[in-house]
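Enquirer: Provided below are the primary sequence and the corresponding predicted coordinates.
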Amino acid sequence: MTSLFRLCKANEETLYCICQQGEYGLMVGCDRSECRHEWFHLQCVGLKRKPPEEVWFCPECKLQQ
Ligand SMILES: [Zn+2]
Ligand SMILES: [Zn+2]
């Protein structure tokens, strides 16, 4: 009876990042708990590799601080 609902959920892709795309490549997580996106593609936030800092904030959250 919930087959339609489950079908919709299966097709629903979680969107991340400021670009609102699915997950691909290397992702970096924002450490601000209220972050709108939480996960970002490295290239979208201007990074070439994982940031060396253990705590990382995305550009949006950096502006909030
Ligand atoms: Zn992105
Ligand atoms: Zn953030």
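Expert: Cool, got the structure. Ligands and ions are numbered 1, 2, ... in the order given.
Enquirer: alpha carbons only for contacts and neighbour counts from here, please
Expert: Will do.
Enquirer: what are the phi and psi values for the spatially most central residue of the chain?
Expert: Centrality entry for the chain: nearest residue to the mean C-alpha point is Trp39, 2.2 Å, by CA atoms, centre = their mean. Per-residue torsions, Trp39: phi -120, psi 140 (degrees, to the nearest 10).
Enquirer: wait, what's in contact with it?
Expert: Neighbouring residues of Trp39 by CA atoms under 8 Å, 6 or more residues apart in numbering: Tyr16, Cys17, Met27, Val28, Gly29, Cys30.
Enquirer: ok, and which of the residues you listed reach ligand 1?
Expert: Cys17 (CA under 5 Å from the ion).
Enquirer: Counting only helices, which of the contacts of Trp39 make the cut?
Expert: Among the contacts of Trp39, DSSP state H puts none in helices.
Enquirer: okay, the contacts of Trp39 in a markdown table with pLDDT and neighbour count next?
Expert: Shown next, in a markdown table, are the contacts of Trp39 (pLDDT from 0 to 100; neighbours: other CA atoms under 10 Å):
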| residue | pLDDT | neighbour count |
| --- | --- | --- |
| Tyr16 | 94 | 18 |
| Cys17 | 96 | 22 |
| Met27 | 94 | 18 |
| Val28 | 95 | 20 |
| Gly29 | 95 | 18 |
| Cys30 | 96 | 22 |
